[in-house]
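# I'll drop the sequence and a predicted model, then ask my questions.
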Amino acid sequence: MLFGRILPRSFYARSTVEVARGLLGKVLVHGPTAGIIVETEAYLGGEDLAAHSARGLTQRTRVIFGPPGHAYVYLIYGMYECLNLVAERDGRPGCVLIRALQPVSGVDLMRARRGATRKLEQLANGPGKLTLALGITRAHNGADVTRGALVVRQAPGAGEIEIAVTQRIGITRSPELPLRFLMAGNGFLSARRYNEPSLK
DNA sequence: GGTAGGATGGGCT
DNA sequence: GCCCATCCTACCC
């Protein structure tokens, strides 16, 4: 399955919120595995204290300040890896955390990577789960997602999507910001408890 | 249905 | 030394 065209760099060279909303319904592809992006979170520059970039440019956050359309992958809690896609123009911080996927290709491989037998809904319904399922690691940090093995593609029959907005999950700083975006009613979301649409 | 606790290591004060 | 943008299991309704 090839899906649609690869999203060009101009897609990412916009405000982080625009990119976070725009990624919903697109297809994240890594080799033979792929899933529809159903949940994202925006991490901004400036007043967003939850963003890794809020502490400034360091070795770790270098990619977030770089050109758009690249992957920022980091280790969380010593065990899991999270995938972000860099937004904003070169020199400005901003990235989008991919939080959940609806598996559409390479499901058997995804199951094998995830270990125990699991329902399709639980294969990639969390930021640490989807990197495991798709085989994405810190080795992809800085990778260009407009070419190569890890890319985001347009979905073939993409129509209008109903987007719900909530607060972000698992953060302690700037928790009030409405920066989590999800496909309303989708069955592959993380943290089901928080999925009541509060805004749009 | 729900939640409490632990695993585990890198980044930054 | 403390803090995490998490996940799973065990255990309790």
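That came through fine.

# What is the three-state secondary structure of the closest residue to DNA strand B within chain A?
Chain A approaches DNA strand B most closely through A:Gly78 (2.9 Å), counting by C-beta to the nearest atom of the strand. From N, CA and C alone the C-beta is placed, and that goes for glycine too. In three-state terms, and counting by DSSP: H, G, I helix; E, B strand; the rest coil, A:Gly78 is coil.

# and the gap between it and A:Gly128?
As judged by C-beta to C-beta, to the nearest Å, A:Gly78 and A:Gly128 stand 11 Å apart.

# For chain A, which segments count as helices?
All helices of chain A, identified by DSSP state H, fall at A:9-12, A:16-22, A:107-114, A:127-134.

# who wins for proximity to A:Thr58 among the ones you listed?
Smallest distance to A:Thr58 across the helices of chain A (C-beta to C-beta): 19.1 Å, for helix A:16-22.

# tell me what the closest one is packed against?
Packing contacts for helix A:16-22, counted by 3 or more C-beta pairs under 8 Å, 6 or more residues apart in numbering; DSSP states H and E, involve helix A:9-12, strand A:33-43, strand A:95-105.

# Nearest residue to the residue nearest the centre of chain A in space, ignoring adjacent ones along the chain?
Residue closest to the mean C-alpha point of chain A, counted by C-alpha atoms, centre = their mean, is A:Ile98 at 1.4 Å. Spatially, and ignoring its direct neighbours in sequence, A:Ile98 is nearest to A:Leu83 (4.9 Å; C-beta to C-beta, 6 or more residues apart in numbering).

# and that neighbour, what are its bridge partners?
A:Val73 (DSSP bridges).

# Tell me how far it lies from DNA strand C.
Look at A:Leu83 and DNA strand C: by C-beta to the nearest atom of the strand, to the nearest Å, they are 8 Å apart.

# For A:Glu47, see how far away that residue is.
According to C-beta to C-beta, A:Leu83 stands 24 Å off from A:Glu47.

# Comparing those two, which shows the higher neighbour count?
The neighbour comparison of A:Leu83 against A:Glu47 (other C-beta atoms under 10 Å) goes to A:Leu83, with 27 against 9.

# pretty sure that one is in contact with A:Arg99, am I right?
No. Contact criterion C-beta atoms under 8 Å: A:Leu83 and A:Arg99 do not qualify, at 9.5 Å.

# so what sits against both of those two?
A:Pro127, A:Leu130 (C-beta atoms under 8 Å, 6 or more residues apart in numbering).

# and chain A, which residues reach DNA strand B?
By C-beta under 7 Å from any atom of the strand, the residues of chain A that approach DNA strand B are A:52, A:55, A:58-61, A:75-79, A:192-193.
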